[in-house]
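Asker: What would the 3D arrangement of this be:
(2 chains)
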There are 2 protein chains.
Amino acid sequence: MKLGTVERGGVPRLAISKGDAVAVIDDDDLTVAAAIADWTGLRPVIEARAETAPTYPPEELDWLPPIPRPGKIVCLALNNSANKDRIMSGPEHPATFIKPATALLGHRRTIELRTAYGRVHPEPELAVVIGSAGRQIAATAAGEHVFGYTIVNDLTAPAMRGEDTFHYRAIHPGASPDEVRYVDTWVSYPGRYKGTDGFCPIGPWIVTRDEIADPHALTISCRHRGHTVTEDSTANLRNKVPEVVAFISEYMTLEPGDIIAMGTALKASAGGGRAVQNIDLTATGGPIEVSIEGIGTLTSEVATIDAGSPPLANGRAAG
Amino acid sequence: MKLGTVERGGVPRLAISKGDAVAVIDDDDLTVAAAIADWTGLRPVIEARAETAPTYPPEELDWLPPIPRPGKIVCLALNNSANKDRIMSGPEHPATFIKPATALLGHRRTIELRTAYGRVHPEPELAVVIGSAGRQIAATAAGEHVFGYTIVNDLTAPAMRGEDTFHYRAIHPGASPDEVRYVDTWVSYPGRYKGTDGFCPIGPWIVTRDEIADPHALTISCRHRGHTVTEDSTANLRNKVPEVVAFISEYMTLEPGDIIAMGTALKASAGGGRAVQNIDLTATGGPIEVSIEGIGTLTSEVATIDAGSPPLANGRAAG
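Answerer: Residues are numbered from 1 along each chain as shown, chains lettered A, B, ... in the order given. Model (predicted):
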């Protein structure tokens, strides 16, 4: 099943894919979060309701993030095997950062950029939606904790990244308990360059795991203004879903509705695509689209506005 | 007023400070989140209920994070003026990262560390609790968006930080639209070294802003196993609360209940304190305490357990 969330009359409503049409269920108790909390019990209820619910073309709906307020959004960095040639040193295991829920943006919404952000580029990513809570989940049991899969566009502002990087002397313990020594260290902080409002377009659909035979055999592509930028396969993700769920849950409790973005697709398309890093959304606008085989297409418009302008409403109040 | 959250019979309950005692209000509708959402309306109700509610000594209560699930926890890095001598390059403005809500730990709970984490050190911090939503908040209006202040211990695992740092060649646009050039770059990802379960002890109290005349005139200290490690003043924080609220909200919508941790206190105490970075909680255990004048004392126990052991319950289920 494909589940999403749309805004109807100012409230979030459960949306179910019916091929080219979308069934919208007007029921306060049937939400994506409720479906995740009791999938066995609610699946037949939702299927029955979707049969009789009114349907709409997807382009007539106001989309919200499928889970408007996930507990956390854990994102993997540099997890594409194509990165390997560029990495002089770094971990083999997943390296992660957190995006805040305020960065989320529904399908077909407008990413609001400001000229002061500098270049902002897309990162097309497969994302895992956690179905059941766990800590220290074994890789062999990870599948049972996955509710389904969705699409994330992990927008990144490299100029902010550069600005928010420190070269400093970190304090480490010295030879005796009261001494310190200084270690030359680089640290960068992703709060702003990864977490700005609108930097996490997501959806439109969460596809339940039974419909994805292998999450690492999916074509993933990114189109900018109608031109294919990248066409990659999720096979090229370095750390795979079971190991990622196991590694993250070694440190953090995973909760139902948590999102794990698996890292970007990178391979340039055979048709002469550019690196995703070459796309400057701030300067050139949208639309920007991410498509994953079997999951769907996430489309975002782009508006670059002046620093002094008030923010767009963008469906945030209803989420 | 000082507001907190405790666990009573498996449910979170509003706690109000009454000097040495704590009034606990058994009412599903009176929570810290509800108080923040309608402070003008609920303050007199809460004051009246606190007069008649049963009281307990604080050490007999099971403390939860004052806001068990904030929308986001934004943390400032390297925001102490004492850092200045150590920074070779870096921004003057606040640099931020996000901790997930699963990292939160209530007062008097046990920080669960594992030997594999390596050294874990405390970072005693003043934290701002947002009262009303806003984007692009002017520094002059920031005070109106602050509900109050609390204490955060921003635990940090430097070995994980080192492991999750990449030295790589970042892709930047080249001279022509289809070319790229490579830029030697260091990036570090704080998901794990800042966001592991238990790495964000918080509370016990949120003190409403009317009781804190100047958030940058407060003594902040850290004690480890009864020995004072640091005794600093919030005057030494480089970026101050109004500018921090303004800067973060230039990028992210701030929402009621959001937490902003202002960065660590660093100055060694006159009594021969050590740098906070010298404290290895993994190796030496607790208790670890953070005190801020006018706000209170946040105490955490520490248990270092083997990698294979199941996690402690630690009040997480009730949060």
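Asker: I'd guessed A:G286 sits against A:L298; true?
Answerer: No: contact criterion Cβ atoms under 8 Å: A:G286 and A:L298 do not qualify, at 11.8 Å. To be clear about C-beta, it is placed using only N, CA and C from the backbone, and glycine gets the same treatment.
Asker: Show me which of those two is the more surrounded one.
Answerer: Between A:G286 and A:L298, A:L298 has the larger neighbour count (other Cβ atoms under 10 Å in any protein chain shown), namely 27 against 19.
Asker: leaving aside the residues next to it on the chain, what's closest to the more buried one?
Answerer: Closest residue to A:L298 apart from its sequence neighbours, by Cβ to Cβ, 6 or more residues apart in numbering or on different chains: A:I151 at 4.3 Å.
Asker: Please report how far the one you found lies from A:Y117.
Answerer: 22 Å (Cβ to Cβ, to the nearest Å).
Asker: Of these two, which one has the most company?
Answerer: When neighbours are counted by other Cβ under 10 Å, A:I151 and A:Y117 differ, and A:I151 comes out ahead with 27 against 21.
Asker: mind listing what the more buried one touches?
Answerer: A:124-127, A:202-203, A:205, A:290-292, A:295-298 (Cβ atoms under 8 Å, 6 or more residues apart in numbering or on different chains).
Asker: Could you tell me which of those belong to strands?
Answerer: A:124-127, A:290-292, A:296-298 (DSSP state E).
Asker: filter these to the buried ones?
Answerer: Buried by 16 or more other Cβ atoms under 10 Å in any protein chain shown: A:124-127, A:290-292, A:296, A:298, out of those.
Asker: Looks to me like A:I98 is in a strand.
Answerer: Yes: secondary structure of A:I98 (DSSP: H, G, I helix; E, B strand; the rest coil): part of a strand.
Asker: Which residues are in contact with it?
Answerer: A:72-75, A:195, B:97-100, B:190-191, B:195.
Asker: hmm, 7 Å instead?
Answerer: A:72-74, B:98-100, B:191, B:195 (Cβ atoms under 7 Å, 6 or more residues apart in numbering or on different chains).
Asker: so which of those is the most crowded?
Answerer: Neighbour-wise, the contacts of A:I98 (other Cβ under 10 Å) top out at B:G195, 29 neighbours.
Asker: do you know how far it is from A:T96?
Answerer: 8 Å.
Asker: didn't A:E301 look like it was pressed against A:T110?
Answerer: Yes: contact criterion Cβ atoms under 7 Å: A:E301 and A:T110 qualify, at 4.3 Å.
Asker: between these two, which one's more packed in?
Answerer: The residue with more neighbours, out of A:E301 and A:T110, is A:T110; 19 against 14, by other Cβ under 10 Å.
Asker: do stretch A:125-135 and chain B meet?
Answerer: Yes: contact of stretch A:125-135 with chain B (Cβ under 7 Å from any Cβ of the partner chain) involves A:R135.
Asker: cool, and stretch A:250-270?
Answerer: Yes: judged by Cβ under 7 Å from any Cβ, stretch A:250-270 comes into contact with chain B at A:251-253, A:255.
Asker: Mind picking the two most distant members of the contacts of A:I98?
Answerer: Using Cβ to Cβ, those span at most 12.5 Å, a distance reached by A:I73 and B:K99.
Asker: Show me the domain layout of chain A.
Answerer: A:1-64, A:68-305 (automatic domain parsing).
Asker: Can I get these in TSV including mean pLDDT?
Answerer: Formatted as TSV, these follow (pLDDT from 0 to 100):
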stretch	mean pLDDT
domain A:1-64	97
domain A:68-305	94
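Asker: Get me the contact residues on the stretch 1-150 of chain A for chain B.
Answerer: Residues of the stretch 1-150 of chain A found near chain B (Cβ under 7 Å from any Cβ) are A:71-72, A:74, A:77-78, A:86-91, A:95-102, A:135-136.
Asker: Filter those down to the buried ones.
Answerer: For the residues of the stretch 1-150 of chain A next to chain B, a burial check counting by 16+ other Cβ under 10 Å picks out A:71-72, A:74, A:77-78, A:86, A:90-91, A:95-102, A:135.
Asker: Among these, which ones are in strands?
Answerer: Mapping those onto strands (DSSP E) picks out A:74, A:77, A:95-99.
Asker: closest to B:D178 among those?
Answerer: The closest of those, once distances to B:D178 are taken by Cβ to Cβ, is A:A77, at 25.4 Å.
Asker: Which residues are in contact with that closest one?
Answerer: So A:A77 contacts A:95-97, A:263, B:189 (Cβ under 7 Å, 6+ apart).
Asker: okay, which residue is most central for chain A?
Answerer: The centre of chain A sits closest to A:V152, judged by Cα atoms, centre = their mean, with a distance of 2.9 Å.
Asker: Can you tell me who it pairs with across the strands?
Answerer: A:E125, A:I202 (DSSP bridges).
Asker: which residues touch it?
Answerer: With Cβ under 7 Å, 6+ apart, A:V152 has these contacts: A:125, A:127, A:200, A:202, A:261.
Asker: gap between the helix or strand where A:L3 lies and the chain center?
Answerer: According to DSSP states H and E, A:L3 maps onto strand A:2-8. With Cα atoms, centre = their mean, to the nearest Å as the basis, strand A:2-8 stands 17 Å off its chain's centre.
Asker: tilt between the helix or strand that it is followed by and strand A:2-8?
Answerer: Sequence-wise, the next helix or strand downstream of strand A:2-8 (DSSP H and E) is strand A:11-18. Here strand A:11-18 runs at an angle of 140 degrees relative to strand A:2-8 (axes from the mean of the first three to the mean of the last three Cα atoms, to 10 degrees).
Asker: Just the C-alphas of strand A:11-18, formatted as PDB.
Answerer: This file holds the C-alpha atoms of strand A:11-18, laid out as PDB (Å, rounded to 0.1, in the frame of the first residue of the first chain):
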ATOM      1  CA  VAL A  11      -6.500  19.400   8.700                       C
ATOM      2  CA  PRO A  12      -4.200  16.500   7.800                       C
ATOM      3  CA  ARG A  13      -5.900  13.600   6.100                       C
ATOM      4  CA  LEU A  14      -4.800  10.100   5.200                       C
ATOM      5  CA  ALA A  15      -4.300   9.600   1.500                       C
ATOM      6  CA  ILE A  16      -4.100   6.200  -0.200                       C
ATOM      7  CA  SER A  17      -2.800   5.600  -3.700                       C
ATOM      8  CA  LYS A  18      -5.300   4.100  -6.200                       C
END
